[in-house]
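*Asks:* Kindly generate the corresponding structure for this input.
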Amino acid sequence: MLTRQETGRLLVRTVAITDPGDLLARLPQPDVVAWVHHGAGLAGWGEAIRVILPAGDDRFTAAEKWLRSVFDSLDVEDRVRVRGSGPVAFGTFTFDASSDGSVLIVPRAVLGRDGRGRAWLTTVTERGEVPVTWPPPVDPGLAAPAGIRWRDGSLPGPGWEQAVAKAVATIKAGGLRKVVLARDVFATADEPIDARVLLQRLAARYPDCFTFACDGMLGATPELLVRRAGHRVSALVLGGTLPRGADPAEDKALGEELLASAKNNEEHAYAVESIRDALGLLCDTLDVEARPSLLKFPNLQHLGTRIHGTLADGQTLRSALALAAAVHPPAAVCGTPTGTALDLIHELEHMDRERYAGPVGWVDASGNGEWGIALRCGQISGRTARLFAGCGIVAGSEPASELAETLVKLQPMRGALEG
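*Replies:* Reported below is the predicted structural model:
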């Protein structure tokens, strides 16, 4: 499963550094990993070790077992000792158990920044190998994508509207309350796309989102699937969406409409229920906000609910990755009941989501970490980018409105590519 042949024990060294400022501007090469929120987080480059996990319901369990064996084999010198210091693995997992391509990567170097003045550099080297120095060399002239050309993915707009109409009919017939349907589009550039350009644009435009990258899967997700900090866990659940207004008055009116919308509140309630039920089995205490609040991003506004809990005594060894596995797939990107929604997704989408809507994030050797849902994202490969967007479909959904929502959700990545 490893793509790197080990020639000896690896040394992981974390040292404190002066605050580097913009993490994403410090990346010296395009094979990057990242998890950045309001300028704080982790950003790395190179690969010390990686594993590609085969399809299967056990892909998370296999990943956890592999990761523990890797972390246990390392010689670690951590002079900082905070969440995200020492050895860290970044991962991106497939949405569907039937899909290949889940990946975990331990980078050669990681920059960390907590946003409160503390920063660190972690390097992974073989004994005798010269570690990465600080500050790293930075490419002074990143090439922005040029000559972008677009084409439809698995379903053009009208075909996707028909799929939504079929989903609504299925829901009204009974047995299914919500399903999330996604679509994809493709972009091709004149030259290979540099992930660093897209990440910098996304982080600057969407600082309230979690800007992420791993193995070419990158984006700016608004949704935190799960965070673990010691015995504390938290999540930010989104569901229910309207665009931003053209002026403050229209924006306020749309926000009030969203808060009062029976359709959007129903969609949101299913998303909250699925996370609450999954985490509730693992926690001694779980606090769920009584009603959703309005979360505003540059192009969209969502209904959001924050969840906080404390792991039960018998669950404290569960890592952030194991917690992400426990809550996947949430109703926010699948539906409810889960099995019925998955069957309808397979029937109507006509595509493999691959790592779209799957868990993406990081975990350290202490089990701490943060995992989001891969949304507002694309898979970059050479000159090509595959972009995704999806919508929660309930009985009150209208196909034309849902298609319009996907266009707005595609805009962050379209804008990052087109500048």
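*Asks:* residue nearest the centroid of the chain?
*Replies:* Geometric centre of the chain, nearest residue: A374, 3.3 Å, by CA atoms, centre = their mean.
*Asks:* Excluding chain neighbours, give the residue nearest to that one in space.
*Replies:* In space, and not counting its chain neighbours, A374 is closest to V360: 4.4 Å by CB to CB, 6 or more residues apart in numbering. The way it works is simple: take the backbone N, C-alpha and C, and place the C-beta from them, glycine included.
*Asks:* which residues touch that neighbour?
*Replies:* Going by CB atoms under 8 Å, 6 or more residues apart in numbering, V360 touches G91, T92, F93, F212, C214, M217, T221, W371, G372, I373, A374, C377.
*Asks:* Mind listing residues that contact stretch 251-266?
*Replies:* Here stretch 251-266 makes contact (CB under 8 Å, 6+ apart) with 178, 239-245, 292, 294, 296, 301-303, 394, 396-397.
*Asks:* Any idea how far it is from the middle of the chain?
*Replies:* Distance of stretch 251-266 from the chain centroid (CA atoms, centre = their mean, to the nearest Å) equals 25 Å.
*Asks:* With L11 as the reference, measure out to the residue sitting furthest away from the middle of the chain.
*Replies:* Within the chain, the residue lying farthest from the chain centre (CA atoms, centre = their mean) is G128, at 35.8 Å. According to CB to CB, to the nearest Å, G128 stands 9 Å off from L11.
*Asks:* Just give me the neighbour total for D190.
*Replies:* 12 (other CB atoms under 10 Å).
*Asks:* Do I have it right that it meets A146?
*Replies:* Yes. Using CB atoms under 8 Å, D190 is in contact with A146, at 5.1 Å.
*Asks:* hmm, back to that, save the contacts of V360 as a markdown table, and put in pLDDT, distance to S99 and secondary structure too.
*Replies:* As requested, these are exported to a markdown table (pLDDT from 0 to 100; distance: CB to CB, whole Å; DSSP: H, G, I helix; E, B strand; the rest coil):
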| residue | pLDDT | distance to S99 | secondary structure |
| --- | --- | --- | --- |
| G91 | 98 | 15 | strand |
| T92 | 98 | 12 | strand |
| F93 | 98 | 9 | coil |
| F212 | 98 | 19 | strand |
| C214 | 98 | 16 | strand |
| M217 | 98 | 13 | strand |
| T221 | 97 | 19 | strand |
| W371 | 98 | 18 | strand |
| G372 | 98 | 19 | strand |
| I373 | 97 | 16 | strand |
| A374 | 98 | 13 | coil |
| C377 | 97 | 15 | strand |
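*Asks:* between the residues you listed, which is closest to Q29?
*Replies:* Using CB to CB, C214 is the member of the contacts of V360 that sits closest to Q29, with 15.0 Å.
*Asks:* Can you name the residues that contact the closest one?
*Replies:* Neighbour list for C214: V33, A34, F90, G91, T92, V103, I105, V360 [criterion: CB under 8 Å, 6+ apart].
*Asks:* Take these and keep only those in strands.
*Replies:* Of the contacts of C214, the ones assigned to strands by DSSP state E are V33, A34, F90, G91, T92, V103, I105, V360.
*Asks:* nearest to E273, of these?
*Replies:* The closest of the ones in strands among the contacts of C214 to E273 turns out to be V360 (CB to CB; 22.8 Å).
*Asks:* can you tell me how far that closest one sits from G117?
*Replies:* Applying CB to CB to V360 and G117 gives a distance of 28 Å.
*Asks:* now swap in P292 and tell me
*Replies:* Distance from P292 to G117, by CB to CB: 34 Å.
*Asks:* Have a look at the two and say which one is more surrounded.
*Replies:* Set side by side, P292 and G117 show more neighbours around P292, with 23 against 8, by other CB under 10 Å.
*Asks:* ok, now which ones touch the closest residue to that one other than its chain neighbours?
*Replies:* Counting by CB to CB, 6+ apart, L303 is the residue found nearest to P292 once chain neighbours are left out, at 4.0 Å. Counting by CB under 8 Å, 6+ apart, L303 makes contact with 238-241, 258-259, 264-265, 268, 292-295.
*Asks:* from those residues, which is closest to G230?
*Replies:* Distances from G230 to the contacts of L303, taken as CB to CB, are shortest for L238 (25.1 Å).
*Asks:* Starting from the helix or strand hosting the closest one, tell me the next helix or strand along the chain.
*Replies:* Element membership for L238 (DSSP states H and E) is strand 232-243. The C-terminal neighbour of strand 232-243 among helices and strands, as given by DSSP H and E, is helix 248-260.
*Asks:* can you give me the angle that following helix makes with strand 232-243?
*Replies:* 120 degrees (axes from the mean of the first three to the mean of the last three CA atoms, to 10 degrees).
*Asks:* so how far is the helix or strand that helix 248-260 is followed by off the chain centroid?
*Replies:* Heading C-terminal from helix 248-260, the first helix or strand you meet, by DSSP H and E, is helix 262-280. Centre-to-centre, helix 262-280 and its host chain are 19 Å apart (CA atoms, centre = their mean).
*Asks:* Please consider this matter closed, and thank you.
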